[in-house]
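>>> Just to be clear, the model below is a prediction. Sequence and coordinates:
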Amino acid sequence: MQEVKASMAGSVWKITVSEGESVQDGQDVVILESMKMEIPIAAEQAGTVKELKVTEGDFVNEGDVIAVIE
């Protein structure tokens, strides 16, 4: 099981996957917006999205869990 974590603080601009969806290693899971930049956060392993811990518009801090992949 892998936790996808925010690499920096920012707002969740767009969620690109849904719970139950299969993802590939390196596939974008969410896109954060910070300082007017879009920062994609990718899965580090292939699997299935078990749980999304955020919704669009949420603010996250560096290290916060965004999704769980198994």
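Looks like it came in fine.
>>> In contact with Lys14, which residues are there?
Going by C-beta atoms under 8 Å, 6 or more residues apart in numbering, Lys14 touches Val30, Ile31, Glu56. Just so you know, the C-beta spots here come from the backbone N, C-alpha and C atoms, and that holds for glycine as well.
>>> same question but for Glu19, I mixed them up
Each residue near Glu19 by C-beta under 8 Å, 6+ apart is listed here: Val49, Lys50, Glu51, Leu52.
>>> Quick one: neighbours of Lys53, just the number.
16 (other C-beta atoms under 10 Å).
>>> What of Val49?
Neighbour count of Val49, defined by other C-beta under 10 Å: 20.
>>> do the one 3 residues further on as well
Leu52 sits with 19 neighbouring residues when counted by other C-beta under 10 Å.
>>> what's the answer for Phe59, then?
13.
>>> out of the contacts of Lys14, which are inside strands?
Among the contacts of Lys14, the members found in strands (DSSP state E) are Val30, Ile31.
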